[in-house]
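1. sequence and predicted structure, then a few things I'm wondering about:
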Amino acid sequence: MKPVLLIMAAGMGSRYGGLKQLDGVGPSGETIMDFSVYDAIESGFGEVVFVVRKKFQAEFEDKVASKYKNRVKYTIVTQEPDNLPSGFSPEVPREKPWGTGQAVLAAKDVISKPFAVINSDDFYGRESFRTIGAYLSNPDLKQGEFCMVGFYLNNTLSESGSVSRGICTTDQSGYLLKVEEHTNIRKEVSGILGVGMDGVEHILQPETYTSMNMWGFTLNYMIETEKQFVEFLTQNLNDPKKEFYVPSAVSRMIADNTASVKVLSTPSSWFGVTYKEDREKVVAKLRQMASEGVYPSPLF
């Protein structure tokens, strides 16, 4: 059974200054998503689901998704602030969606197999897809046996500004104990600093496992997180700044013993475009990979 790849592409890229999901950074104008889809196909994934905003769904279909139609089955779903469970209607206007947790739930009606979740604007590397694809293709995989590809924090920073990351704690067997979203992570003279969910700035270790939102889930993820989202909205419906994160939802399931998460290591290097200033380096890396024969050019 071939797993499904879910790509979260609804973010507007405010720090980057535009729709970075549609930015052609590859040697033949490919987006970072193109490389993820290519690597997923090469790694045995059988279907791709894209989560986008309604207002650029048509442009996304025309510029990005249509090129895959002869290579892999794909579905497009939308994430909007008002796409909420029955009975919830915020009194305070909200422009942004409710975060990555809501993004994954937007696809609950179109996914029927174990699935991986990634960001649209992050380059994860083919070995990462092979590793997570093999895990999700295991016929003995049981409900609640999740996984995550972990990257060292020091290898996920941007030289152009601060970033947000899920900082992970694991047990001795390599299973995730918790993941906590940190914001404003950057290198300073005193080390790597970041602000935790408690609002306090912490010193972070460079070789700490970091979640780059490359998760592997069984179908009960949707059932459990839908329950959590209802609880979240009950408490935060009228706070326009609150977001429902995938890492927080997973941490809750670990604490409730409804899921376990195996942290998978990868030799692949992560890189991404968070700021405009990151773009030139990404273009150079992808050009080098194409010249070395790692990728064909064009990809599709």
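-> Structure's in. What do you need?
2. could I get the full set of helices for the chain?
-> All helices of the chain, identified by DSSP state H, fall at 32-42, 57-63, 100-105, 126-136, 220-236, 246-255, 279-291.
3. closest to residue 22 out of those?
-> helix 57-63 (5.5 Å; C-beta to C-beta). For the C-beta atoms, the positions are set from N, CA and C on the backbone; glycine is no exception.
4. quick one: buried residues of that closest one?
-> Going by neighbour count (16 or more other C-beta atoms under 10 Å), the buried part of helix 57-63 is 57, 60, 63.
5. average pLDDT for that helix, rounded please.
-> Here helix 57-63 scores 84 as its mean pLDDT.
6. just how off-centre is that helix within its chain?
-> With C-alpha atoms, centre = their mean, to the nearest Å as the basis, helix 57-63 stands 20 Å off its chain's centre.
7. so what secondary structure elements neighbour that helix?
-> Here helix 57-63 touches strand 73-78, going by 3 or more C-beta pairs under 8 Å, 6 or more residues apart in numbering; DSSP states H and E.
8. strand partners of the strand it packs on, parallel vs antiparallel please.
-> Strand 73-78 has the following strand partners under DSSP bridges: strand 47-52 (parallel).
9. got the CA coordinates for the partner strand in PDB?
-> This file holds the C-alpha atoms of strand 47-52, laid out as PDB (Å, rounded to 0.1, in the frame of the first residue of the first chain):
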ATOM      1  CA  GLU A  47      -0.700  10.100  -4.100                       C
ATOM      2  CA  VAL A  48      -0.300  13.800  -3.200                       C
ATOM      3  CA  VAL A  49      -2.800  16.100  -1.400                       C
ATOM      4  CA  PHE A  50      -2.200  19.800  -1.500                       C
ATOM      5  CA  VAL A  51      -3.700  22.200   1.100                       C
ATOM      6  CA  VAL A  52      -4.000  25.700  -0.200                       C
END
